[in-house]
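**Student:** Attaching a predicted model along with its sequence, questions to come.
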Amino acid sequence: MSDTIEEIMDSPVANTPTEKFIPTADQPVELTERAAQTVLDILEEQGNPEGVRLRVYVAGGGCSGLSYGMALDENTEEGDAFFADRGVEIVIDAMSLKYIYGSTVDYVTTAMGGGFKVENPNAVKSCGCGSSFTTGEDGAEGLDTRAGGGCGSCGSH
């Protein structure tokens, strides 16, 4: 990717929610067609509420120290970055962006059901189901990563 996280966070597109989000040439987080369609279908089921975006974030926890999170969110916070991919408006807080920059979000269906899965090039280790990860840093600034003990999804811990 040609842009650094700092360049993306400083760009007007990243810092300004607009009526129509403009995709950047170098998406910090990409959605597969299936993931985007799933989000769009959920929004349609909810009546396409105005101002609701897909928030992608990282939180402390899970068996590997950090866990992925996604939610439909109408709120924004100072420092949030705004992007669009495949018709889906995406918002990511600055702290999370540094851990998931370059990731691809997919929607997968298994025998146990369906769910979103993140392919993260920054992850050096992840749990069996892929819902938690570590980047190999000693700690994750701003996150409590001591919880550990298992994500409960894959039974790997």
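**Tutor:** Received, thanks.
**Student:** Show me the helices in this structure, by range?
**Tutor:** Taking DSSP state H, the helices of the chain run over residues 5-10, 12-15, 33-45, 94-100.
**Student:** helices and strands of this structure: which one bottoms out on pLDDT?
**Tutor:** helix 12-15 (a mean of 51; mean pLDDT, DSSP states H and E).
**Student:** if we can go back for a sec, any idea which of the helices of the chain scores lowest on pLDDT?
**Tutor:** Of all those, mean pLDDT reaches its minimum on helix 12-15 (a mean of 51).
**Student:** where do the strands sit along this protein?
**Tutor:** In the chain, the strands defined using DSSP state E lie at 29-31, 53-60, 66-73, 81-85, 88-92, 103-110, 113-119, 125-126, 132-134.
**Student:** Return the most buried member of these.
**Tutor:** strand 132-134 (a mean of 25; mean count of other CB atoms under 10 Å). (Each C-beta comes from the backbone N, C-alpha and C, glycine too.)
**Student:** Let me know the average pLDDT across it.
**Tutor:** Per-residue scores along strand 132-134 average to 56.
**Student:** is it true that residue 71 touches residue 55?
**Tutor:** Yes - at 5.0 Å, residue 71 counts as touching residue 55 under the criterion of CB atoms under 8 Å.
**Student:** so where's this protein shaky on pLDDT?
**Tutor:** Within the chain, the segments meeting pLDDT under 70 span 1-26, 61-64, 124-157.
**Student:** Tell me how many other residues crowd residue 41.
**Tutor:** Residues contacting residue 41 under the criterion other CB atoms under 10 Å number 11.
**Student:** Distance of it relative to residue 111?
**Tutor:** Distance from residue 41 to residue 111, counting by CB to CB, to the nearest Å: 22 Å.
**Student:** quick one: contacts for residue 37?
**Tutor:** Contacts of residue 37 were listed using CB atoms under 8 Å, 6 or more residues apart in numbering, and they are 86, 107.
**Student:** quick one: it and residue 70, what's the gap?
**Tutor:** Going from residue 37 to residue 70 by CB to CB gives 15 Å.
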